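Asks: Provided below are the primary sequence and the corresponding predicted coordinates.
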Amino acid sequence: MTLAYIGLGANLGDARQTLKDAVVCIAQHAGVMIVARSSLYRTAPVDAQGDDYFNAVVAVETTFSAQQLLRVCQHIEQQFGRERPFRNAPRTLDLDLLLYGDLQHNDETLTVPHPRMTQRAFVLVPLAELCPDLEIPGQGRVADHLPAVAGQRIEKVSTCKCPPCPSQSPPTR
């Protein structure tokens with residue numbers, strides 16, 4: 001099993017409910033077990049237009065490869081009506097594979113760690129809630145990146161009542 005982190009975001013329709021439903025969809029896949037979920041956050045769009053986003057992060061244990069987990073995420077996005085008319089378009093659901101163990105990978109279909117995760121409060125704040133000492137492979141601790149995003153508007157709107165991240169040790173591949 002590999003510990004991976006998935007970022008969730010939405011700003012179209014009932015975005016709050018969409019994120020809750022998406023977590024259920026992720027959990028229903030054989031080979032994926034949600035082990036922790038951050039609180040829900042409301043954030044201003046970054047490099048995008050439209051309404052505020054709702055965001056969260058889930059930690060999962062998975063038997064899938066990184067590419068297989070990405071395909072699961074993309075399939076769930078499609079189930080929720082995700083369209084990609086242009087870069088950073090408003091979305092019904094966005095699922096990003098942020099981290100996959102200690103894997104560092106970059107090709108035309110997948111980059112992990114997610115290439116912009118250290119520049120986004122909507123990723124770092126919920127991720128830090130789960131595991132502030134988590135190492136981003138090749139980039140340092142999550143908590144060390146928080147000062148750089150302090151100017152981005154983010155507000156906690158609900159608190160998760162799930163258990164904390166099961167492991168504070170670096171994720172495995």
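Replies: On my side now, so go ahead.
Asks: where does this protein have low pLDDT?
Replies: 48, 82-90, 159-173 (pLDDT under 70).
Asks: would you map the helices across it?
Replies: 15-27, 66-79, 121-130, 142-145 (DSSP state H).
Asks: between these, which gets nearest to Ser158?
Replies: Minimum separation from Ser158 across the helices of the chain (Cβ to Cβ) falls at helix 15-27, 8.1 Å. The C-beta positions use only the backbone N, C-alpha and C, and glycine is treated the same way.
Asks: which positions in that closest one come out as buried?
Replies: Ala15, Thr18, Leu19, Lys20, Asp21, Ala22, Val23, Cys25, Ile26 (16 or more other Cβ atoms under 10 Å).
Asks: skipping adjacent residues, who's closest to the second one in space?
Replies: Going back to what we said before, that points to Thr18. Ala10 (4.7 Å; Cβ to Cβ, 6 or more residues apart in numbering).
Asks: who are the contact partners of that neighbour?
Replies: Thr18, Leu19, Ala22, Tyr53, Phe54, Phe80, Arg91, Thr92, Leu93, Asp94 (Cβ atoms under 8 Å, 6 or more residues apart in numbering).
Asks: which residues of the chain fall in strands?
Replies: 2-10, 32-37, 40-43, 53-62, 94-100, 105-106, 111-112, 135-136, 140-141, 154-158 (DSSP state E).
Asks: out of those, which is closest to Val72?
Replies: Each of those has some distance to Val72 by Cβ to Cβ; the shortest is strand 32-37, at 6.8 Å.
Asks: what's the angle from that closest one to strand 2-10?
Replies: Put simply, strand 32-37 runs at 70 degrees to strand 2-10, going by axes from the mean of the first three to the mean of the last three Cα atoms, to 10 degrees.
Asks: just the CA coordinates of strand 32-37, formatted as CSV?
Replies: In CSV, the C-alpha atoms belonging to strand 32-37 read as follows (Å, rounded to 0.1, in the frame of the first residue of the first chain):
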residue,chain,number,x,y,z
VAL,A,32,-8.3,2.9,-2.2
MET,A,33,-8.9,3.5,1.5
ILE,A,34,-9.3,7.0,2.8
VAL,A,35,-7.3,7.3,6.0
ALA,A,36,-7.7,11.0,6.7
ARG,A,37,-9.6,14.0,5.4
